[in-house]
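In: turn this into a model:
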Amino acid sequence: MNSDKKAKVNKSSKAELSARNFSLNQRALDRAHARRKRRMRGRVLAALALFLAVLAIIGFMKKSDPLNTPIGELFEDTGIIPTEDERQGIDVKNGVTYYTGDYPESEHLTLSLKGSDVTLVKQGDPYVEPGASAIDDRTGALSRCVIDGSVNTTAPGEYTVTYTFESDQAKASIERTVKVVSADEFVPNEYGVPVLMYHYVYTNSDIPDELNDNWILDSDLEEQLKYLTENEYYFPSMSELRAYIDRRISLPEKSVILTFDDAQLGLYDYGVPLLEKYKVPAISFVIGKEEGAPDGLTKIKERTSRYLVYESHSYDMHKGGGYEGHGGIISAMEIDEIEEDLRKGIELTGSSDAFAYPFGDVTDYAQRAIRNVAIKCAFTTEYGSVQVGSDYTVLPRIRVLGDTRLDGFLTALNG
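Out: Prediction:
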């Protein structure tokens, strides 16, 4: 009897122990399962964060609309989406549009606006087209240009004119803003337009062997350019200057034109970077044939800039052999010989807007030749500003001497 009771007790104890062990094991399993769930949730959240970060980066790189992928579908990265300009093969640099898609050689072209980037027109005056220039570094200056845009000078506001040039497998365009200023606000020039005459530019680390008044230090030139831009001077084109001479238009009160004779290498090495820095347009009067120097075509092809345009300093007349003035050969030439040289200069530069007489020597034949080949403005070395009614075949300039400091420059500018 006692043994039966004892056996029952032992069985009961074993059952309770087994139940307790099962409960402990179940709680351990539950805790382990919870830990696995937490780890899994952490991994899912981390993966989701990474996925969202990747989507954000891709969306930024594409610069397009946000990516939308339906749930359950596979995301496929299509790469960086090109811009509309890239798809059309358009590249814009320094304000010039290059059509590289259909014209793979377009970057051989350098385009320049003649005169200020923003042309100012007095309300009611006619719009005089300033023009643009283009150089192909393989062939030289281009003369054919398609001009698109219209200007209503009776209505103050801003207008856009586009110039497009094409060459062998090359095409580019440049835009000009034309601002028509109300007659009440326009302050006209009444004292003449100074056309500044420079020659050569040098720097302290490259001083010429024979330094004279024709050479200006780059830092002095920079000081002058800085003054002109800070004081908001206007840079008219040759077409505008001629219209001003002919009393067809008014020019802004503070108008000035910069010219550099001879297209010397220092101008390009030390002067052009300053013109580009201050966005000041200038004219380089280039000689077609010059003993001991690169020919004009080589200079034009190799020395290009958005802010430099070329006009003729004669093709082959920059030499002695004459008997008047400074002894330039032009005084010994017949009118047909001068005209032939002028036409070669026009062909070389792609422009008949301006001409600078070699050594400043002028003859009656030379003036008649200027008229016959329809050059708009011809410059001497006589001192003075261009006035309304001036003779466009013998226009004066203001020579900027190499040792001219800013105060002297301002005197000449306002003289």
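In: what about the helices in the stretch 201-350 of the chain?
Out: Using DSSP state H, counting those that start in this stretch, the helices of the stretch 201-350 of the chain run over residues 218-230, 238-245, 265-266, 272-278, 296-302, 335-349.
In: and the longest one, what does it pack against?
Out: Taking 3 or more CB pairs under 8 Å, 6 or more residues apart in numbering; DSSP states H and E as contact, the helices and strands that helix 335-349 lies on are strand 140-142, helix 296-302, strand 308-312, helix 364-372. All C-beta spots, glycine's among them, are computed from the backbone N, C-alpha and C.
In: for the helices of the stretch 201-350 of the chain, which one sits closest to Gln123?
Out: Nearest to Gln123, of all the helices of the stretch 201-350 of the chain, is helix 238-245, at 15.7 Å by CB to CB.
In: strand 308-312 and the closest one, what's the angle between them?
Out: 70 degrees (axes from the mean of the first three to the mean of the last three CA atoms, to 10 degrees).
In: so what touches helix 238-245?
Out: Identification of contacts with helix 238-245 by CB atoms under 8 Å, 6 or more residues apart in numbering yields 114-115, 119, 126, 128-131, 189, 193, 195, 236, 249-251, 257, 283, 311, 353-354, 376-377, 386-390, 392, 395.
In: and those residues, which are buried?
Out: Those of the contacts of helix 238-245 that meet the buried threshold are 114-115, 119, 128-131, 189, 193, 195, 236, 249-251, 257, 283, 311, 353-354, 376-377, 386, 390, 392, 395, by 16 or more other CB atoms under 10 Å.
In: still on that earlier bit, point out the most buried one among the helices of the stretch 201-350 of the chain.
Out: helix 238-245 (a mean of 24; mean count of other CB atoms under 10 Å).
In: how about the CA coordinates for it, as PDB?
Out: Provided in PDB are the C-alpha atoms of helix 238-245 (Å, rounded to 0.1, in the frame of the first residue of the first chain):
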ATOM      1  CA  MET A 238      32.000 100.400 -85.900                       C
ATOM      2  CA  SER A 239      28.600 100.300 -87.500                       C
ATOM      3  CA  GLU A 240      27.100 102.300 -84.600                       C
ATOM      4  CA  LEU A 241      30.000 104.800 -84.700                       C
ATOM      5  CA  ARG A 242      29.400 105.400 -88.400                       C
ATOM      6  CA  ALA A 243      25.700 105.900 -87.800                       C
ATOM      7  CA  TYR A 244      26.600 108.400 -85.000                       C
ATOM      8  CA  ILE A 245      28.900 110.300 -87.400                       C
END
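In: so how far is it from its chain's centroid?
Out: Here helix 238-245 is found 24 Å from its chain centre; the criterion is CA atoms, centre = their mean, to the nearest Å.
In: which intervals of the protein have sub-threshold pLDDT?
Out: For the chain, the stretches flagged by pLDDT under 70 are 1-40, 42, 44, 46-47, 49, 53-88, 415.
In: kindly recompute the last result at 80.
Out: Where the chain drops to pLDDT under 80, the residues are 1-88, 415.
In: gap between the spatially closest residue to Ala293 that is not a sequence neighbour and Thr381?
Out: The shortest distance from Ala293 to any residue other than its chain neighbours is 7.6 Å, reached at Ile287 (CB to CB, 6 or more residues apart in numbering). Separation of Ile287 from Thr381 (CB to CB, to the nearest Å): 15 Å.
In: give me the more crowded residue out of the two.
Out: Each of Ile287 and Thr381 has its neighbours counted (other CB atoms under 10 Å); Ile287 has more, 26 against 17.
In: surely the more buried one meets Gly296?
Out: Yes - between Ile287 and Gly296 there is a contact at 5.7 Å, judged by CB atoms under 8 Å.
In: so what sits against both of the two?
Out: Taking CB under 8 Å, 6+ apart as the criterion, Ile287 and Gly296 both touch Ala263, Tyr315.
In: tell me, what residue is most central in this protein?
Out: Centroid-nearest residue in the chain, with CA atoms, centre = their mean: Asn94, separated by 3.6 Å.
In: next, that residue: phi, psi?
Out: For Asn94, the backbone dihedrals (degrees, to the nearest 10) come out as phi 50, psi 40.
In: now do the contacts for the residue lying closest to it once chain neighbours are set aside.
Out: Excluding the flanking residues, the one nearest Asn94 by CB to CB, 6+ apart is Arg306, at 5.2 Å. Arg306 makes contact with Asn94, Gly95, Val96, Thr110, Leu111, Ser112, Glu276 under the criterion CB under 8 Å, 6+ apart.
In: hmm, Ile174 and the third one touching each other?
Out: In this case it means Val96. Yes - with contact defined as CB under 8 Å, Val96 counts as touching Ile174 (5.1 Å).
In: which neighbours do the two share?
Out: With CB under 8 Å, 6+ apart as the test, Val96 and Ile174 both reach Leu111.
In: break the protein down into its domains, please.
Out: Per automatic domain parsing, the structural domains of the chain span 1-81, 83-186, 187-414.
In: out of these, which one sits most buried?
Out: Most buried of the domains of the chain by mean neighbour count (mean count of other CB under 10 Å) is domain 187-414; its value is a mean of 19.
In: span of that one from start to end?
Out: Domain 187-414 has an end-to-end distance of 16 Å (CA to CA, to the nearest Å).
In: same deal with stretch 261-269?
Out: This stretch, stretch 261-269, spans 15 Å end to end (CA to CA).
In: determine how far that stretch lies from the middle of the whole chain.
Out: So, by CA atoms, centre = their mean, the centroid of stretch 261-269 is 19 Å from its chain's centroid.
In: was I right about Leu196 contacting Phe260?
Out: No - in terms of CB under 8 Å, Leu196 does not count as a neighbour of Phe260; the distance is 9.1 Å.
In: any idea which of the helices of the stretch 201-350 of the chain gets closest to Gly402?
Out: Proximity to Gly402 (CB to CB) singles out helix 218-230 among the helices of the stretch 201-350 of the chain, at 7.9 Å.
In: in terms of helices and strands, where is Thr160?
Out: Following DSSP states H and E, one finds Thr160 within strand 157-167.
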